[in-house]
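In: return atomic coordinates for the entry below.
(chains A and B)
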Amino acid sequence: MVDFMLLAPEIIVALTGLIVLMIGIFMGSSSKNVLGYIATAGCLAALAMVIGNFSASALMFSDTLSVDPLSQFFKLVFLVVALIVSIASIKYTEDNTDTEIFYALVLFATFGMMFVASANDLMVLYVAFELASIATYALAGFEKNNPRSVEASMKYLLMGALSAALLLMGISFVYGATGTTSIPGIAQNMDVLASNAIGLLAIVLLIAGFGFKIALVPFHMWAPDTYQGSPSVVSALLAAGSKKMAFVAAFKVFIVALLAIQADWRVAFAILAVITMTYGNLVALSQRSVKRMLAYSSVAQAGYISMAFVVLTPMALTGGILYTLSHGFMKAGAFIATAAVVYMVIKEKRDTEIPDHLDNFKGLGKKMPITALCLTVFVFALAGIPPTAGYMSKFILFSSTIQSGMVWLAVIAILNSALSLYYYARLVRYMYAMPHEGEKVSEPVPYVAALLISLVGVMAIGLWPEPFIEIAMQAASVLVGGI
Amino acid sequence: MLPVLSLIVLIPLLFSAFAFLTKKREQARVVALMGTLITLILTLYMYFSFDSSSAAMQFEELASWIPSLGINYHLGVDGVSMPLILLNAIVIPLLILFTWDDVRSTPNRFYGLILAMQGAVIGVFISLDFFLFYVFWELTLIPLFFMVNIWGGPNKRHASIKFFIYTHVASLVMLLGIFGLYFAAWDQTGVANMGIAHLMSQFPMIGSGIARDAIFLALLFGFLVKLPIVPFHSWLPDAYAEAPTAGSVLFILLKIAGYGIFRVILPMLPATGSPDMMITILGLLGSVSIVYGAFLALSQKDLKRMVAYSSVSHMGFVALGAAGLVTLSISGAMFQQFSHGLILSIMFMSVGVIQASTGTRNINDLGGLATKMPKLAVIMMLAFMASLGLPGLTGFIAEFMVFTFSYVNVPTFVILALFGVVITAGYHLWAMQRTMFGVYNGKIGEVLDLSNVQTFSMAVIALLVLYFGLNPSPVLDMMITGSNEIVSLMAAMGV
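Out: Numbering: from 1, shown residues only, chains lettered A, B, ... in the order given. The predicted structure is shown next:
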């Protein structure tokens, strides 16, 4: 018997997506603003359902779906990001004739991500993964007349299609060797794969497949172009949501299904984590476009989170999982602040080729005080300055590496963290120490609302982390079962 | 009972938020003054009800914060921290008075940052939990970064980022040390606990000597960079010199590194794998800083940089006194922190006044200012004399105690450091002679002496330098109690 109450969040999100799409068709473009509010309400309702059933645990549909604290935690992450993005997009989609398509895509992408979080079978996982990906390909190219947006979408689509093929290839090897696509089933039959070269091949393909979405170096090439070219609200969804989807999928596939051959993939993740964080931070140093800088910083952050795969202790997993939530708030917030700046630049009709250029952030502290303050908190949080969510997550994650004796990894991560401070502090310097041009701008309410929600999230995890650590621990304990 | 300790952190932070929200300079400065005065009153209340003969933590507050990681909201003061809180609580309201008439961009942020800084620094002094300690420790970076970055001199960008990254790296190394200590204690006791006292007591039980040394050196590195001490001092002259006067004074009041040495490093020292080597590091770096800092100060053409380097030299005394390992040398080092905070505040204020009225701080372009600025000349002279160690002023007591009592354990370094004293006297007198005395340099044009509020705030600090120089016991007694406790902790670890 399937308890549909546990699927209520998914159902609500999907229905809201359909409703938005349907009624949007029959609406005049002037009244389409209401769609944003409907989408926001849908996300809120789904969020409430997830929080209400947080510690539920159930297997459904011939064990292909599993609702457990891990899936609930990631649904929370995706819904929070979707909520923030929906609120901010009320302003972004204003005066747009395709509002219903935008919101429907955002909600369908979220729907796919939520299914990835509860997938208990590789086929379900793959289908849900593709559902979310295809929606985001379209979102990245939402500004049809903007060549950069189209380029972003195209690049993302091509890379994404390739990575999906690799992923499917990896899944097929695993299936071929173990005879099942069920995640627990694979774990039981691992001895077949462990003593076989196919196991190694499968790991390589799976890491490459997930690595594309996570944007691990060297599979990150699409990320800077796509994050920069896409509308900022979509970049927020990509960096804060879609990347986390790949993480939860990787958590399930590697830590639950392929635990028996951990010796092989741990080394791979160790190398990738170190390269990713170092490369991301080094390249971010020289970026003049803020969105590109945030994209590289996002690459670096993915490197930190990947440390959870290397350390593989309950504490590290708790830290990694908490980091995904914190990063969701910080990155979504940072991209939306950028969106507000881009909006301001376009409104002032400034003649700049790159609207998110660092120069446009000059004197933002005076021009858009709330946006500047929030962005300052977000970038300091990304750098790991207390008392913010970023610090708390890094605290748990980095300290777990010390606990398990991997001092070298902690040292590399901490040096990286210090390095990243340079480009974050530079952005803050531009906002507060540089003179500004033009008049003070009235900040659009939807952006401010989205920023404040992210700010509350970042500060709440930093100042009162206990409840968040608790739920992250519950989520980690689902993974740890096998360790 | 009134949670005084929470209040003296929260009130500055709360008023900082108020100050940010104000629109005008007049409102911002009044809010700032109110916040700091309330903090001062509470601190004085605490000071007068403080029992200087007791080594126990007083006004303790304890509440659970993050139970799953063993992190508590644990506050308390003892003789080590009380004088430093007092120093901050007294000087910051005077600093606000000093800047009362200054016209600058975005005054609301300026005063907001000063208040935020006060809250964060006091927070470091009263935290008895390492997590909380680290949070406040890192928080002190942000107001200073903005202070230099927004209102700094021509080279402010370079200076602010250099300071931020340099000290942040040091803090992160310290954090690694804290992690090591935390998990070692966790393994030994089976319970997670971030309490400083708990971790200190578990430190000697760590099996491997290399692990103990690594943890100790990581923590020591964090503190020495912040102190700062040669060879980790290169962020200091840039940051101190580029900062606006108020920023420089805030840097001076940032006594958290010396505090960390007394609170954390000394009790751990005897239990390290090779205590002799650690004492050598501390003592040698201390005496080298005294001498090298003095030489660097002697060669400066910029008056503010000279004062900044004199600070490096003075901080050497803190390290040397700590390396002395006896009650009175440690108390001397603590008193040096207190005295240095007062003296250097006046010196930076004097430099600020000179720069504002003459437009330069190049020593060679000045001369004979005493004829035009008599009030400044008197106060500045007193501060310079105190800084070079004239008996009757606070600097003398601190340096005397450090030299005399460190001689017991580390005579070589004391003798080495004594050479610095000659140079110290030299650069102070020479700088005074070239700026304040002699023939008035006509190129400067007309200059204005101190305004009344400036005179008031500088004179109050100057009187305190004189008062504590003649009668140090109001703060020295509690420092001695605190150092006694540290020495007995060290003895318990088996020196």
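
In: can you show me the strands along chain B?
Out: For chain B, the strands defined by DSSP state E cover B:58-66, B:71-77.

In: near chain B, which residues of chain A show up?
Out: Chain A comes close to chain B at residues A:365-366, A:380, A:385-387, A:391, A:395-396, A:398-399, A:402-403, A:407, A:410-411, A:414-415, A:417-418, A:421-422, A:425-426, A:429, A:432-433, A:465-466, A:469-470, A:473, as judged by Cβ under 8 Å from any Cβ of the partner chain. For glycine as for every other residue, the C-beta is placed from the backbone atoms N, C-alpha and C.

In: just the C-alpha atoms of stretch B:4-14, please, in CSV.
Out: Taking Å, rounded to 0.1, in the frame of the first residue of the first chain, the C-alpha atoms of stretch B:4-14 are listed here in CSV:
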residue,chain,number,x,y,z
VAL,B,4,26.7,41.4,32.7
LEU,B,5,29.0,39.5,30.3
SER,B,6,26.4,38.9,27.7
LEU,B,7,25.4,42.5,28.0
ILE,B,8,28.8,44.0,27.4
VAL,B,9,29.0,42.0,24.2
LEU,B,10,25.4,42.5,23.1
ILE,B,11,25.1,46.2,23.8
PRO,B,12,27.9,47.3,21.5
LEU,B,13,26.6,44.9,18.8
LEU,B,14,23.0,46.2,19.2
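
In: hang on, the earlier thing: show me the residues of chain A next to chain B that map onto helices.
Out: Mapping the residues of chain A next to chain B onto helices (DSSP state H) picks out A:365-366, A:380, A:391, A:395-396, A:398-399, A:402-403, A:407, A:410-411, A:414-415, A:417-418, A:421-422, A:425-426, A:429, A:432-433, A:466, A:469-470, A:473.

In: and the residues of chain A next to chain B, which are buried?
Out: Buried by 16 or more other Cβ atoms under 10 Å in any protein chain shown: A:365-366, A:380, A:385-387, A:391, A:395-396, A:398-399, A:402-403, A:410-411, A:414-415, A:417-418, A:421-422, A:425-426, A:429, A:432-433, A:465, A:469, A:473, out of these.

In: quick one: the helices in the stretch 351-495 of chain B?
Out: Ranges of helices in the stretch 351-495 of chain B, per DSSP state H, counting those that start in this stretch, are B:369-372, B:374-388, B:394-406, B:411-435, B:452-470, B:473-492.

In: which elements pack onto the last one?
Out: Helices and strands touching helix B:473-492, as assessed by 3 or more Cβ pairs under 8 Å, 6 or more residues apart in numbering or on different chains; DSSP states H and E, comprise helix B:82-98, helix B:266-268, helix B:327-358.

In: residue in the stretch 1-150 of chain B with the shortest distance to chain A?
Out: residue B:135 (4.1 Å; Cβ to the nearest Cβ).

In: can you give me the buried ones in stretch B:444-454?
Out: If you call a residue buried by 16+ other Cβ under 10 Å, then stretch B:444-454 has these buried ones: B:444, B:447, B:450, B:454.

In: you'd agree the second one is up against residue B:374?
Out: No - judged on Cβ atoms under 8 Å, residue B:447 makes no contact with residue B:374 at a distance of 11.5 Å.

In: out of the strands of chain B, which one sits most buried?
Out: Compared across the strands of chain B, strand B:71-77 shows the largest average neighbour count, a mean of 22 (mean count of other Cβ atoms under 10 Å in any protein chain shown).

In: got the CA positions of the helix or strand bottoming out on mean pLDDT in chain A in PDB?
Out: Counting by mean pLDDT, DSSP states H and E, chain A has its least confident helix or strand at helix A:190-194, which shows a mean of 78. C-alpha atoms of helix A:190-194 as PDB (Å, rounded to 0.1, in the frame of the first residue of the first chain):
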ATOM      1  CA  MET A 190      28.800  -6.200  -5.100                       C
ATOM      2  CA  ASP A 191      31.200  -9.100  -4.800                       C
ATOM      3  CA  VAL A 192      30.600  -9.700  -8.600                       C
ATOM      4  CA  LEU A 193      31.700  -6.200  -9.400                       C
ATOM      5  CA  ALA A 194      34.500  -5.900  -6.900                       C
END
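
In: next helix or strand past it?
Out: The element immediately downstream of helix A:190-194 (helix or strand, assigned by DSSP states H and E) is helix A:197-214.

In: for chain B, what is the nearest residue in the stretch 1-150 of chain A?
Out: Per Cβ to the nearest Cβ, residue A:69 is where the stretch 1-150 of chain A lies closest to chain B, at 15.0 Å.

In: setting aside sequence neighbours, what's the nearest residue to that residue?
Out: Excluding its sequence neighbours, the residue lying closest to residue A:69 (Cβ to Cβ, 6 or more residues apart in numbering or on different chains) is residue A:474, at 3.9 Å.

In: quick check: the one you found vs chain B, distance?
Out: Distance from residue A:474 to chain B, counting by Cβ to the nearest Cβ, to the nearest Å: 11 Å.

In: what residues does the stretch 101-250 of chain B put near chain A?
Out: So the stretch 101-250 of chain B meets chain A at B:106, B:109, B:131, B:134-135, B:138-139, B:141-142, B:145-146, B:149-150, B:156-157, B:160-161, B:164-165, B:168-169, B:172-173, B:175-176, B:179-180, B:182-183, B:186 (Cβ under 8 Å from any Cβ).

In: ok, the residue of the stretch 1-150 of chain A closest to chain B touching residue A:51?
Out: No - contact criterion Cβ under 8 Å: residue A:69 and residue A:51 do not qualify, at 11.9 Å.
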